[in-house]
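Undergrad: I'll drop the sequence and a predicted model, then ask my questions.
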Amino acid sequence: MPKITIIGAGFGGLTAIRTLRKQLPDAHITLIAPKAEFVYYPSLIWIPSGLRQGDDLRIPLSNFLTRQKVKFHQGRVTGLKDGGRTVITDTGEIHNDALIIASGGRGIKKLPGIEHSIAICDGIAAAESIRDKLAALEGGTIAFGFGGNPLEPTAVRGGPMFELLFGVDTLLKRWGKRDKFELVFFNPSDAPGNRLGPKAVSGLLGAMRQRNIRTHLGHKITGFDADKVKTEGGDIAADLILFMPGMTGPDWLANSGLPLSAGGFIQSDRTCQVLNHAGVFVIGDSGSYAGTADWLPKQGHAADLQAVTTVTNLIAHLNGKPATQTFKEELICIVDTLNAGIMVFRDHKRAWVIPNKLWHYAKRLFEWRYLSQYR
């Protein structure tokens, strides 16, 4: 039976396990991750309001892995060798007949003073820190923003920051303290969120105006102090800075021998097979997918779609056939405002932007359904 190794216990890696087990019931599957747990990142935006606690989003995987007959290797990947047939970790080496890399990306923490900001997608601890700092403030200015990767413009994650911005606005109103705060949104682009489409950008900026949120757009971010955001268009005084940096690939890729894009991601295409590396596949935020739309998001839904395609092509590889299946390109997200939402959909044929109070509850229902697979 083939030995298949998966790196990463996120959206793409776990969807790959479920899809593989259905199609290859006898395969030997090994999952490599620092912990046997899944963190549901889309709901981190609800921790500052208390709608979710950390343990609500931290899902132990022991039972799921047992049901799926998956061997868990606890460790951190440090590199690859033998063209990907061997994964090197800090707790030993794992050999495989096929490899799926779904280890996610990481924020670029190079701006001077970035330690004075908090990135909610850094995880549960970061979201809890935002919660605690918000609760301690009686007034002042809160600055929200996100940056990009200048070498790979698509490596940006702005959706959670829009949600955090609108959610904090709603939360402060609930607390009866909104009039004591100024909220400022900053971004180096004149049209932040343009991957969502022009209608979405217009809608998001319009929502900021309606909520009396000041914008500081079109100016390069140069750094941070404890009490300010520095840009080429002037500084923004702030009592709390919430900032999502641009993304790059995991640091261990430097010791992988895999082809990397200018922005530091694994080079692939719509088949998810790594360039010139048969039997090595990449899913989700770790990859740079040639030939895809410039609005292709780095999000869990995209990773799920790529996982299904990857399994088809992995099985073809094991049978001595080329990878030909390509993944579906679409963007689906609900920009949550804590009491309502804006649904954004985009593919090659259409783009929809639909605001509705019910989207907030739809997002909560989706969370419940998605996590029920692993609980």
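TA: Received the coordinates, thanks. These figures come from a predicted structure and were not determined experimentally.

Undergrad: A33 and V77 touch, don't they?
TA: No - counting by Cβ atoms under 8 Å, A33 stays clear of V77, with 9.0 Å between them. In this view, the C-beta of every residue, glycine as well, is placed from N, C-alpha and C.

Undergrad: In contact with G140, which residues are there?
TA: 180-182, 238-240 (Cβ atoms under 8 Å, 6 or more residues apart in numbering).

Undergrad: got a winner among these for most neighbours?
TA: A238 (25 neighbours; other Cβ atoms under 10 Å).

Undergrad: So G140 versus L172, what's the distance?
TA: Counting by Cβ to Cβ, to the nearest Å, the separation of G140 from L172 is 11 Å.

Undergrad: actually L134, not the one I typed
TA: The value you get for L134 to L172, if Cβ to Cβ is used, is 8 Å.

Undergrad: now swap in K220 and tell me
TA: 29 Å.

Undergrad: and what of P34?
TA: Taken as Cβ to Cβ, the span from P34 to L172 is 35 Å.

Undergrad: So between the two, which is more surrounded?
TA: Counting neighbours by other Cβ under 10 Å for P34 and for L172 shows that L172 has the greater number, 19 against 14.

Undergrad: hmm, back to that, give me the common contacts of A33 and V77.
TA: Joint contacts of A33 and V77 (Cβ under 8 Å, 6+ apart) are I7.

Undergrad: Kindly provide the whole-number mean pLDDT of the lengthiest helix in the chain.
TA: With secondary structure taken from DSSP state H, the chain has its longest helix at helix 300-318. For helix 300-318, mean pLDDT is 97.

Undergrad: Now the residue nearest to K228 when sequence neighbours are not counted. Its backbone dihedrals?
TA: Nearest residue to K228 in three dimensions, chain neighbours excluded: D235, at 4.7 Å (Cβ to Cβ, 6 or more residues apart in numbering). D235 adopts backbone torsions of phi -90, psi 160, taken as degrees, to the nearest 10.

Undergrad: Next, count neighbours for D235.
TA: The burial count for D235: 15, using other Cβ under 10 Å.

Undergrad: I'd like the distance between it and L217.
TA: 15 Å.

Undergrad: and if you look at G257?
TA: Counting by Cβ to Cβ - G257 and L217 are separated by 41 Å.

Undergrad: next one: T312
TA: 42 Å.

Undergrad: According to the record, where do the domains of the protein fall?
TA: 3-105+249-318, 110-247 (automatic domain parsing).

Undergrad: end-to-end on the first one?
TA: Read it as domain 3-105+249-318. 10 Å (Cα to Cα, to the nearest Å).

Undergrad: beta partners of the residue nearest to K228?
TA: K230 (DSSP bridges).

Undergrad: That one contacts V229, doesn't it?
TA: Yes - shown here, D235 and V229 form a contact pair, counting by Cβ under 8 Å, at 6.6 Å.

Undergrad: leaving aside the residues next to it on the chain, what's closest to R375?
TA: Nearest residue to R375, sequence neighbours excluded (Cβ to Cβ, 6+ apart): I59, at 6.2 Å.

Undergrad: Run a quick neighbour tally on the one you found.
TA: Going by other Cβ under 10 Å, the residues that sit close to I59 add up to 19.

Undergrad: All further residue positions should be reported with the first residue as 214.
TA: Right, with 214 as the first residue, what we last looked at is I272.

Undergrad: Can you give me the distance of it to K322?
TA: Using Cβ to Cβ, I272 is found at 27 Å from K322.

Undergrad: Then A315?
TA: From A315 to K322 the distance is 22 Å (Cβ to Cβ).

Undergrad: Looking at these two, which is more packed in?
TA: A315 (30 against 12).

Undergrad: Got the phi and psi for that one?
TA: phi -140, psi 50.

Undergrad: hang on, it packs against G226?
TA: Yes - if you go by Cβ under 8 Å, A315 and G226 touch, sitting 3.8 Å apart.

Undergrad: which residues do the two both contact?
TA: Joint contacts of A315 and G226 (Cβ under 8 Å, 6+ apart) are 219-220, 496, 520.

Undergrad: for the stretch 314-463 of the chain, what spans make up the helices?
TA: Ranges of helices in the stretch 314-463 of the chain, per DSSP state H, counting those that start in this stretch, are 337-349, 372-388, 411-423.
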